Every structure is written in structure tokens, then in C-alpha cells.
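Peer 1: below: sequence and its predicted model.
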Amino acid sequence: MTTDNGLKYTVWHKIKTEILDDCRKEGEWKILLLDQFTTKLLTSCCKMTDLLQEGITVVEDIYKERQPVADLKAIYFISPIEKSVDHVVKDFESKSSCKYKAAYIYFSDACPDSLFNKLKACQPKTIKRCKEINISFYPKESQVFLLNVPNAFHMLYSPDKSVDKEAAMQSIAQQIVTLCATLDENPGVRYKREPLDNAEDLASLVEEKLVQYYKTDEKNQCKEKSQSQLLILDRGFDPLSTVLHELTFQAMVYDVLPIEDDVYKYKPDGSASKEKEGRLDESDEVWVKIRHRHIAVVLEEIPKLVKEISSSKKESEGKLSISSLSNFMKKMPHIRKQMSKQALHLGLAEDCMQKFKGNLERLCKVEQDLALGTDAEGQKVKEHMRVLLPVLLNKDLDNYDKIRAILLYIFVENGTTQENLDRLIQHAKIESDGDVLKNWKYIGVPVVPKSSQRKPSRRDRSREETFQLSRWTPLIKDIIEVRNAAVIFFT
């Protein structure tokens, strides 16, 4: 479990307080039953050792076949969905087949009356508790959250009118409110009005649900607005930042390396060694320390990491005595773990630099020049097409990078003509991927024809010290600096 005061800790503390402490009895062990959502939620903020300390002896999947344990009570932490409730009912539908001594049921979010009524089919007096705790989001990192709305992007932006956009909006709004409730915040809700109405519609729903939630809490009092701001932005708010190659470490790693489910596969001692897996998460102190630093700064840290590995190895060499051997053996698990983590980050940095020294360095220069309209020396870029064309004709670049470069050009130009778009596609030889460019219109970004919509004015950062290939600053930073307030950011 994370020990800081970030979102993961806050979620774990709420689960511990509102579920585990709520049904705690001294010296009594319980079984914890989870469904798909709550398994992912709990895994994101605690470990099995944390649960053991709270009196949980076994954690099981509610959907799988389980052996009855009639002498133990069970905690059900589940989503308010029919499938999960049906499995609870099945566990207690007859007196002779009750799987557990009693049930303590906690829903992750508001449960409809129809599902509450289903629980009446359970044997009398078996359900000791039935509560809603309002956590229907994932704490991905200490300051990052994810929502549980599969296919939300398609539902919100699809031109298909049969898609239930309203249901997706309602679900997103409800989950954002549970985030605010978990943080004990009643924020001011702000949004970007154009180019689509998604942000405005969602902001209205969130505000409505916040009022409803804080009027119906346990104190039955409306919580005053806090100083924090909830900022809701549409995907088309800052399209440039979404296609540029970012050179801070975490962003670069996830962009250019094959990371799956936060796992990186590497060979610590070269191609002849056995492949290992490293997880990139906040349990790794080194990762937390360097993940948001520029790759150039991370590279400066590498010699320090190598030196630490070397000194750890030297510690095992030289004259051995009973005392020194004993001390070394005590440190071995920690040293072995540290060496493994350092090898992981060295591998990540080296793989990133291989990509960078290939085509990425030149591509980043083009991207920065196009995005800012000036080169590293401050000279104005007069013809964007002349800067872009070498990228499109480069046979060593894959189609994905060419598509990103064309999109960047279109965003900078505020759209283009159909004739020019066809020419760009032809030069890049990406005819089969033309829809990837054209479909940006569905998220409110001008593609064809050119738009007369004015671009937002930018804060002057010409005097700020930065890296030449990282001169672009996302628009969100301008807004946060102007607001000068705590911001809950959702996009």
C-alpha cells in the first residue's frame, strides 16, 4: 500500500474505514468477495498483506465456484449490477445451502431499488449490513484516476445516432461525483464550451449530481463549495499535445516502447540473458523519482545508478569474516531488489535512446518547429509544408509517425483543403489510413475545410528555460496557472 497522502492512499483509507472497520470484530476472520470492478479497484490501492492485517483470511472472485465456509462471515464488496447481486442471492438462497455464516454487503456505488429488492430472496437474518460507499473509479496513480465506462470514447463521439450517449454521460458524471466525495471536495465545475457540447453537458450533469449527493449525505446538509476546481475539457481542446512526441521519461516510455499493462520486458545483461519483467508503478521509488523528468535529465542519473550497482557488487567481494558475511546476508534481499530495479530503469532509458537516436530526434525537431511556428533560435517558420515534406518522404519512418506529423500540420493550419489533404496522404503513402486523419472532425477538430475559428492566445514562455526539443507547453498549463487553484482535471 502506498504511504503518501495521494489518491491511492485516500481510496484505501476509505475502504478500510467504511468497509473493514465497519464490520470488524476483535479476533474474528472474514472472507472477502469481489467482482471484476472491485478486484481491480482493490488491487490498485492495497496488497494482500494489508488485508491480512485487517482480518481478511481469503479473497475470492464472486463469479467463480467456491467451497462453503459455514463458520466464517463474508464481506461482499461488489458493483451494483445484476450479475453480482444474483451471485449474492445464490450464496444465501436456502438455509441448508448458505455458503457463509453471514453477509456484509457493500456496493461500490448507488444501488437501484430493483437490485435491493432482489436481496430479499436471501435467507432472513443472514445479511447483517448493506451499504453504499461511493467509489466507482480507479486510482491509477497518486494523482491520476480512471473511470469504469467501457467504450466511452465511442459512445460520446460516434456519429452513429443509435449509440446511447446519454447513458455514458450519466455514468461518467456519477463516477466523477464519487471521486469528489472520496476527496471530500465539492468543487466549482468549469468547462470549455466549444467546439462540441460534450463538456458543457457533462459539467451540468456533474453539478446536478454534486448538489444531489451533498444534500443526501449522512448529515443531510448541503456541503459548501470548496476552493478546488473541477475542469472538464473535451478531447479536441488541445489536439497538438496529443500527437507530439513527449520526452519526459514516463510519457516517452509508454509512447515508444511496448509496455503492456504497465509491464516492461527486458534482458538485464544483454541479449544472451533470460528475459525479465518489470512493473512500472508507484511501489518503485526510483520510478516515482524520475518518471516526470526529461529524458536528458534521466540520462544524467544513469551513471549514479550504475555506480550504486557497482558498489553493491563490490560489497560482496574482498575479505570475508563471519561478521561481514552476516551483515551482507541481512542486506541481500534489499540489494537484490535495488539492483533489479536499477537494471529495469537502465534498460528503459537505453531503449528510449535507441529510438531517439534513430529517427525520433529529427522528428521531434520538426514537430516543435511546426507546433510553435519558430525554430530553436526563435526564427519564424515561413512555410509549414516545406518543414513537413521530408518527414512524409522518409522511408525509414513508419506510417504511425507520418500520420502524427500530418495531423500536427493540420492542427497548426487550423484545417486544410480536401485537395491538400489528398496530396499529403499520397506523399506519405498512407491511403489505407486516411480515415484516421478525417475522423478527427468527430471530436470537434477542424480537418476539412479550414476553420475560421480563432486559436486561443498563449502565454509568452520565450524566456523560460527549456530543452530545445521540448519547447511546446500544453494549453492546460496556461489555464492552471491563470486559475492558480487546486484543479481536478478530467478529459
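Peer 2: Arrived safely.

Peer 1: what about the strands in the stretch 51-200 of the chain?
Peer 2: Assigned by DSSP state E, counting those that start in this stretch, the strands in the stretch 51-200 of the chain fall at 56-61, 73-78, 103-107, 127-132, 137-141, 144-147, 188-191.

Peer 1: for Lys40, give me the pLDDT.
Peer 2: Per-residue confidence (pLDDT) for Lys40: 95.

Peer 1: now it. Its backbone dihedrals?
Peer 2: phi -70, psi -40 (degrees, to the nearest 10).

Peer 1: coming back round to it: dump the strands of the stretch 51-200 of the chain to a markdown table, plus mean pLDDT, mean neighbour count and distance to Glu277.
Peer 2: (Each C-beta comes from the backbone N, C-alpha and C, glycine too.) Listed next are the strands of the stretch 51-200 of the chain as a markdown table, based on pLDDT from 0 to 100; neighbours: other CB atoms under 10 Å; distance: least, CB to CB, whole Å:
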| stretch | mean pLDDT | mean neighbour count | distance to Glu277 |
| --- | --- | --- | --- |
| strand 56-61 | 96 | 15 | 23 |
| strand 73-78 | 97 | 24 | 29 |
| strand 103-107 | 97 | 23 | 34 |
| strand 127-132 | 94 | 15 | 38 |
| strand 137-141 | 95 | 20 | 20 |
| strand 144-147 | 95 | 16 | 22 |
| strand 188-191 | 93 | 18 | 41 |
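
Peer 1: among these, which comes closest to Leu7?
Peer 2: In terms of CB to CB, the element of these nearest to Leu7 is strand 137-141, at 4.3 Å.

Peer 1: other residues contacting the closest one?
Peer 2: Contacts to strand 137-141, defined as CB atoms under 8 Å, 6 or more residues apart in numbering, come from residues 6-8, 10-11, 40-41, 44-45, 145-148, 175-176, 178-179, 182, 282.

Peer 1: in its sheet, which strands sit next to that strand, and in what direction?
Peer 2: strand 144-147 (antiparallel) (DSSP bridges).

Peer 1: circling back: with distance to Arg362 as new columns, can the strands of the stretch 51-200 of the chain be given to me in a markdown table?
Peer 2: Formatted as a markdown table, the strands of the stretch 51-200 of the chain follow (distance: least, CB to CB, whole Å):
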| stretch | distance to Arg362 |
| --- | --- |
| strand 56-61 | 50 |
| strand 73-78 | 52 |
| strand 103-107 | 54 |
| strand 127-132 | 55 |
| strand 137-141 | 32 |
| strand 144-147 | 31 |
| strand 188-191 | 38 |
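
Peer 1: select only the buried ones of the contacts of strand 137-141 in ChimeraX?
Peer 2: Buried residues within the contacts of strand 137-141, by 16 or more other CB atoms under 10 Å, are selected in ChimeraX with:
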select :6,7,8,10,11,41,44,45,145,147,148,175,176,178,179,182,282
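
Peer 1: now go through the contacts of strand 137-141 and say which are in helices.
Peer 2: The helices, defined by DSSP state H, take in 7-8, 10-11, 40-41, 44-45, 175-176, 178-179, 182 from the contacts of strand 137-141.

Peer 1: could you give the number of residues near Ser204?
Peer 2: 16 (other CB atoms under 10 Å).

Peer 1: ditto for Gly378
Peer 2: Neighbours of Gly378 (other CB under 10 Å): 8.

Peer 1: okay, now the residue lying closest to it once chain neighbours are set aside: neighbour count?
Peer 2: Leaving out its chain neighbours, the residue that sits closest to Gly378 by CB to CB, 6 or more residues apart in numbering is Ser462, at 7.2 Å. Ser462 has 9 neighbours, counted by other CB under 10 Å.

Peer 1: then the one 10 residues further on?
Peer 2: The criterion is other CB under 10 Å. On that basis, Trp472 has 18 neighbouring residues.

Peer 1: list the residues that contact it.
Peer 2: Leu240, Ser241, Leu244, Glu367, Gln368, Ala371, Leu372.

Peer 1: OK, contacts around the residue lying closest to Leu196 once chain neighbours are set aside?
Peer 2: By the measure of CB to CB, 6+ apart, the closest residue to Leu196 outside its immediate chain neighbours is Gly444, 4.2 Å from it. Gly444 sits next to Glu194, Pro195, Leu196, Asp234, Arg235, Gly236 when contact means CB under 8 Å, 6+ apart.

Peer 1: now the last one: phi and psi?
Peer 2: It stands for Gly236. phi -90, psi 10.

Peer 1: excluding its backbone neighbours, what's nearest it?
Peer 2: Gly444 (3.8 Å).

Peer 1: kindly report the same for the fourth one.
Peer 2: The shortest distance from Asp234 to any non-neighbouring residue, by CB to CB, 6+ apart, is to Ala199 (4.7 Å).

Peer 1: ok, that neighbour touching Leu205?
Peer 2: No - judged on CB atoms under 8 Å, Ala199 makes no contact with Leu205 at a distance of 11.0 Å.

Peer 1: higher neighbour count, those two?
Peer 2: When Ala199 and Leu205 are compared for neighbours, Ala199 comes out ahead with 24 against 21, by other CB under 10 Å.

Peer 1: for the stretch 101-250 of the chain, give me the ranges with low pLDDT.
Peer 2: 216-222 (pLDDT under 70).

Peer 1: that one: helices as residue ranges?
Peer 2: Along the stretch 101-250 of the chain, counting by DSSP state H, counting those that start in this stretch, helices occupy 113-118, 152-157, 165-182, 198-215, 239-243, 249-256.

Peer 1: quick one: the ones you listed as a markdown table, columns for distance to Gly188 too.
Peer 2: Formatted as a markdown table, the helices of the stretch 101-250 of the chain follow (distance: least, CB to CB, whole Å):
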| stretch | distance to Gly188 |
| --- | --- |
| helix 113-118 | 32 |
| helix 152-157 | 23 |
| helix 165-182 | 11 |
| helix 198-215 | 9 |
| helix 239-243 | 24 |
| helix 249-256 | 29 |
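
Peer 1: can I get stretch 364-379 in PDB, CA atoms only?
Peer 2: Extracted as PDB, the C-alpha positions of stretch 364-379 are listed here (Å, rounded to 0.1, in the frame of the first residue of the first chain):
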ATOM      1  CA  CYS A 364      10.900  15.900 -32.600                       C
ATOM      2  CA  LYS A 365      12.700  19.000 -34.100                       C
ATOM      3  CA  VAL A 366      10.200  19.100 -37.000                       C
ATOM      4  CA  GLU A 367       7.300  18.700 -34.500                       C
ATOM      5  CA  GLN A 368       8.500  21.500 -32.200                       C
ATOM      6  CA  ASP A 369       9.100  23.900 -35.100                       C
ATOM      7  CA  LEU A 370       5.600  23.300 -36.500                       C
ATOM      8  CA  ALA A 371       3.800  23.500 -33.200                       C
ATOM      9  CA  LEU A 372       5.400  26.800 -32.100                       C
ATOM     10  CA  GLY A 373       5.900  28.300 -35.500                       C
ATOM     11  CA  THR A 374       9.500  29.100 -34.700                       C
ATOM     12  CA  ASP A 375      12.700  27.100 -34.600                       C
ATOM     13  CA  ALA A 376      15.000  26.700 -31.600                       C
ATOM     14  CA  GLU A 377      16.800  30.000 -32.500                       C
ATOM     15  CA  GLY A 378      13.400  31.900 -32.500                       C
ATOM     16  CA  GLN A 379      13.300  32.300 -36.200                       C
END
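
Peer 1: can you give me the mean pLDDT across it?
Peer 2: Throughout stretch 364-379, pLDDT has a mean value of 94.

Peer 1: next: stretch 260-276.
Peer 2: Computed over stretch 260-276, the average pLDDT equals 80.

Peer 1: and the ones in helices among the contacts of strand 137-141, which is closest to Val85?
Peer 2: Once CB to CB is applied, the member of the ones in helices among the contacts of strand 137-141 that ends up nearest Val85 is Leu41, at 17.6 Å.
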